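Engineer: with the sequence up front, the predicted model follows.
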Amino acid sequence: MDKVVVKSKYKPQFHKKFYYFHMFRKGATVYFYLLAGAFALYLAIQNTLDDAATVTNLMISWSFAVLIFLMIPVFLFGRVFQIVKQIKKERGESLEILEFTKAKIVRIIEGQENKVVLGWENFESAYEMKDCFFFYIDKEHGLVIVKDDITEGGVELFRKLINQNFPKNKKGQPNFRKMYKEKSHD
């Protein structure tokens, strides 16, 4: 039976990568903040070009625009930092065991009594990075599978399981994308 087993401890750098990937590739929040910043900048420029604008109006509009642009990194990157910090605190040094078979995906975290059993249909998309896989359960939640933590099976078998069992898109292909190009060995 084809089976891939992953055993890993929580690695904040991979989860940060997951959330940044989500933020810029799958989420709209970053674009909302940038749009708000562009609008604030537009209003500040309009006030500057308006001959009837008072110094107070100019100071308020430019302060508002600067404040929005300064807050964008705080909102975006601070949120990721807080999520990763919280998960790290919850997980501690416990080992996460993921078992992928044709029928199901089992997730066990050491020290927790319950295990989570998922079907492949519970996932909406998957992405392969150079050093890990991202499995999305929904738009914001998922699993991070580090390639070096695969203890049984291997990366090729894992790709095979994904391609055979992952939910298909409208074209009949699995919602799975490789996000890097391998170097050719010339």
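Structural biologist: Perfect, thanks for sending it. Numbering: from 1, shown residues only.
Engineer: so where is this structure shaky, pLDDT-wise?
Structural biologist: Low-confidence segments of the chain (pLDDT under 70): 184-186.
Engineer: one more time with 80
Structural biologist: 1, 25-29, 112-113, 138-140, 182-186 (pLDDT under 80).
Engineer: hey, where'd the helices end up in it?
Structural biologist: 12-21, 29-49, 55-91, 155-165 (DSSP state H).
Engineer: most tightly packed of these?
Structural biologist: Most buried of the helices of the chain by mean neighbour count (mean count of other C-beta atoms under 10 Å) is helix 12-21; its value is a mean of 17. Where C-beta positions appear, they are placed from N, C-alpha and C, glycine not excepted.
Engineer: mind listing residues that contact stretch 121-132?
Structural biologist: For stretch 121-132, contacts defined as C-beta atoms under 8 Å, 6 or more residues apart in numbering pick out 14, 17, 21, 105, 133-139, 142, 144-148, 159, 162, 166-167, 174-180.
Engineer: just the buried residues out of those residues, in PyMOL syntax.
Structural biologist: A single PyMOL command selects the buried members of these (16 or more other C-beta atoms under 10 Å):
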select buried, resi 14+17+21+105+133+134+135+136+142+144+145+146+159+162+166+174+176
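Engineer: re the thing from before, dump the helices of the chain to JSON lines, plus distance to residue 125.
Structural biologist: Formatted as JSON lines, the helices of the chain follow (distance: least, C-beta to C-beta, whole Å):
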{"stretch": "helix 12-21", "distance to residue 125": "11"}
{"stretch": "helix 29-49", "distance to residue 125": "18"}
{"stretch": "helix 55-91", "distance to residue 125": "19"}
{"stretch": "helix 155-165", "distance to residue 125": "11"}
